[in-house]
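Student: Fold the following and give me the result.
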Amino acid sequence: IDFIELFYLFLQLKIIELVQPTVMSFSCKDAIDIGMPAASEFFLLLKFINDRKLSEEEEEYVKSLLHSSAISHRGRPLFEERFARVTNLVRLLEGVERADILEKIAPLYDTNILSSVVTIPQL
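Tutor: Prediction:
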């Protein structure tokens, strides 16, 4: 499943490159158990691609993305399966060399999407 999660993320990047949306959203029926983990995974992948460690503020942002909706809207934690997928993806990314992955996937992209700057919303 970890490989599939990683494939989906790189596929999403390719679709973004081709469609060039001005806005995008990761969602499901109520954006709790699938949408927020998907947004978190995408954010983490872009940070990995850009070879940047999460700042303390970014780490809190990811935790908030993952947990706040389920707790505030449903009064329960995020489904364990979805949380496990995110943590497994993080472990997978931590265990590989960034340069090796980029060398293999870079030819699949025609634009500079792999060097996108990732920031968190400022309130």
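Student: which other helices and strands contact the longest helix belonging to the chain?
Tutor: For the chain, the helix that runs over the most residues, judged by DSSP state H, is helix 2-19. If you count contacts as 3 or more Cβ pairs under 8 Å, 6 or more residues apart in numbering; DSSP states H and E, helix 2-19 packs onto helix 35-49, helix 80-94. (Glycine included, C-beta is placed from N, CA and C.)
Student: So which bits of the last one are buried?
Tutor: Counting neighbours by 16 or more other Cβ atoms under 10 Å, one finds that the buried residues in helix 80-94 are 82-83, 85-86, 89-90, 93.
Student: For stretch 96-107, give the mean pLDDT please.
Tutor: Stretch 96-107 carries an average pLDDT of 88.
Student: Next, the residues that contact it from outside, please.
Tutor: 10, 48-49, 51, 114 (Cβ atoms under 8 Å, 6 or more residues apart in numbering).
Student: and if we set it to 6 Å?
Tutor: residue 51 (Cβ atoms under 6 Å, 6 or more residues apart in numbering).
Student: Using CSV, list the CA coordinates for it.
Tutor: C-alpha atoms of stretch 96-107 as CSV (Å, rounded to 0.1, in the frame of the first residue of the first chain):
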residue,chain,number,x,y,z
VAL,A,96,14.9,6.6,0.8
GLU,A,97,17.4,9.0,-0.8
ARG,A,98,15.7,12.1,-2.1
ALA,A,99,18.2,12.4,-5.0
ASP,A,100,17.5,8.8,-6.1
ILE,A,101,13.8,9.3,-6.3
LEU,A,102,14.1,12.7,-8.1
GLU,A,103,16.5,11.3,-10.6
LYS,A,104,14.0,8.6,-11.5
ILE,A,105,10.9,10.7,-11.6
ALA,A,106,12.2,14.0,-13.0
PRO,A,107,12.0,12.8,-16.7
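Student: Next, the buried residues of it.
Tutor: Applying 16+ other Cβ under 10 Å to stretch 96-107 flags no residue as buried.
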